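**Student:** how would this look folded up:
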Amino acid sequence: MGANTKALKNRIRSVDSTLHTTSAMGLVASSKMRRSNERMAGGRQYAGAFASVVDVLTASPECAGSPFMRKTTGERTRLIVIAGDRGLAGGYNANVFRLVETIGREKIYPIGKRACDRYRAPHNSSEHFSGAEATALARQLCAEFAAGEYDRLGIVYTRYVSMLTQEADVKWVLPLTRAGDVTPMAVVFEPDEETILNATVPDYIAGLLMALIRESFASEVAARRMAMDSAGKNARAMIDDLQLQYNRARQGAITQEITEIVAGSGA
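**Tutor:** As a prediction, the model looks like this:
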């Protein structure tokens with residue numbers, strides 16, 4: 001009986017240590033939530049403003065000959081895959097990788113240490129991915145698309161719906177499609193619409209990529225916060241259950257000792 005109480009006590013200490021760890025990670029996630037949500041909102045606003053300009057340009061008949069609007073077979077697909085730098089965020093990374101497996105592709109450009117590990121690429125950080133890195137990648141991919149090296153480009157990311165819900169999604173970027181419901185703008189483009197569009201697309205994709213990285217990171221922080229809250233609740237419930245077992249075992253040991261003492265004195 002003594003060995004049983006000792007094992008239960010050790011188990012309680014172990015679970016309590018885990019509880020402290022999950023609580024600390026939950027606090028770290030909470031501290032990052034406000035900043036990550038602000039950055040996500042800023043990224044969405046920037047990408048939305050850029051997209052409205054691109055929509056006006058693609059709606060112009062003069063841009064029909066742009067290499068970024070060429071019709072393709074859609075068979076040679078390249079994906080930018082955004083995942084996290086760490087785990088312990090529920091199904092955040094797994095959902096992204098599961099979606100990627102449903103999309104036929106010839107090449108993947110991973111962002112985030114977990115994605116780099118999975119697709120065997122040099123490490124980069126989704127939390128600290130810079131605008132310069134996004135610009136360099138966007139320009140490379142735009143040049144390759146314009147040269148006809150692949151047919152379509154997508155970005156797999158995690159869409160932030162709410163604190164409780166984040167969904168893996170894919171944003172198809174290239175080729176550009178003509179917007180059908182754009183309000184005409186009294187704008188004169190110099191030297192011409194197609195030249196402006198071709199010059200704008202790499203910066204547009206870089207801005208969009210940064211916006212989706214920030215949205216993915218906000219989703220990761222929210223998912224980790226919820227996962228740590230859930231783990232903390234489970235740990236507390238486990239400690240309560242183990243404490244009850246420990247009290248029963250200790251009470252049983254005391255009762256047995258009393259019984260042995262009474263039996264011994266009667267002899």
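**Student:** quick check: longest helix of the chain.
**Tutor:** helix 193-266 (DSSP state H).
**Student:** now do that helix: distance to the chain's middle.
**Tutor:** 17 Å (Cα atoms, centre = their mean, to the nearest Å).
**Student:** quick check: buried residues in stretch 25-44?
**Tutor:** Residues of stretch 25-44 classed as buried by neighbour count (16 or more other Cβ atoms under 10 Å): 25-26, 29, 32, 36-37, 39-40, 43. Where C-beta positions appear, they are placed from N, C-alpha and C, glycine not excepted.
**Student:** what do you get for stretch 76-91?
**Tutor:** 77-85, 88-90.
**Student:** try stretch 101-115
**Tutor:** 105, 108-115.
**Student:** can I take it that residue 156 is in a strand?
**Tutor:** Yes - judged by DSSP: H, G, I helix; E, B strand; the rest coil, residue 156 forms part of a strand.
**Student:** quick one: residue 207 and residue 50 touch, right?
**Tutor:** Yes - using Cβ atoms under 8 Å, residue 207 is in contact with residue 50, at 5.1 Å.
**Student:** so the two - more neighbours on which side?
**Tutor:** residue 207 (21 against 18; other Cβ atoms under 10 Å).
**Student:** next up, the contacts around the more buried one.
**Tutor:** 43, 46-47, 50, 134 (Cβ atoms under 8 Å, 6 or more residues apart in numbering).
**Student:** and the pLDDT at it?
**Tutor:** pLDDT, residue 207: 95.
**Student:** same check, this time on residue 126
**Tutor:** pLDDT recorded at residue 126 is 92.
**Student:** farthest-separated two in the buried residues of stretch 76-91?
**Tutor:** 77 and 88 (31.0 Å; Cβ to Cβ).
**Student:** pLDDT wise, what is residue 52 at?
**Tutor:** Reading off the model, residue 52 has pLDDT 88.
**Student:** just the element for it, please.
**Tutor:** helix 2-58 (DSSP states H and E).
**Student:** distance between the helix or strand that that helix is followed by and the chain's centre?
**Tutor:** Using DSSP H and E, the helix or strand that follows helix 2-58 in sequence is strand 77-82. Its chain's average C-alpha position is 14 Å from that of strand 77-82, according to Cα atoms, centre = their mean.
**Student:** check the buried residues of stretch 101-115 and tell me the two furthest apart.
**Tutor:** Across the buried residues of stretch 101-115 (Cβ to Cβ), the longest gap, 20.5 Å, separates 105 and 113.
**Student:** in stretch 157-165, what counts as buried?
**Tutor:** Buried residues in stretch 157-165 (16+ other Cβ under 10 Å): 157-158, 160.
**Student:** what comes into contact with that stretch?
**Tutor:** 40, 82, 92, 95-96, 166-171, 212-213, 215-216, 218-220, 222-223, 225-226.
**Student:** any idea how far residue 241 is from residue 232?
**Tutor:** Computed with Cβ to Cβ, to the nearest Å, the distance linking residue 241 and residue 232 is 15 Å.
**Student:** who has more neighbours out of these two?
**Tutor:** Taking other Cβ under 10 Å, residue 241 and residue 232 do not tie; residue 232 has more neighbours (18 against 12).
**Student:** how about the more buried one, what does it touch?
**Tutor:** Going by Cβ under 8 Å, 6+ apart, the list of residues near residue 232 reads 19, 22-23, 26.
**Student:** please name every helix or strand in contact with the helix holding residue 52.
**Tutor:** Contact partners of helix 2-58 among helices and strands, from 3 or more Cβ pairs under 8 Å, 6 or more residues apart in numbering; DSSP states H and E: helix 193-266.
**Student:** quick one: low-confidence parts of this structure?
**Tutor:** 1-3, 180-186, 264-267 (pLDDT under 70).
**Student:** just the buried ones from the contacts of stretch 157-165, in ChimeraX syntax?
**Tutor:** Buried members of the contacts of stretch 157-165, defined by 16+ other Cβ under 10 Å, are picked up in ChimeraX with:
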select :40,82,92,95,96,166,168,169,170,171,212,213,215,216,218,219,220,222,223,225,226
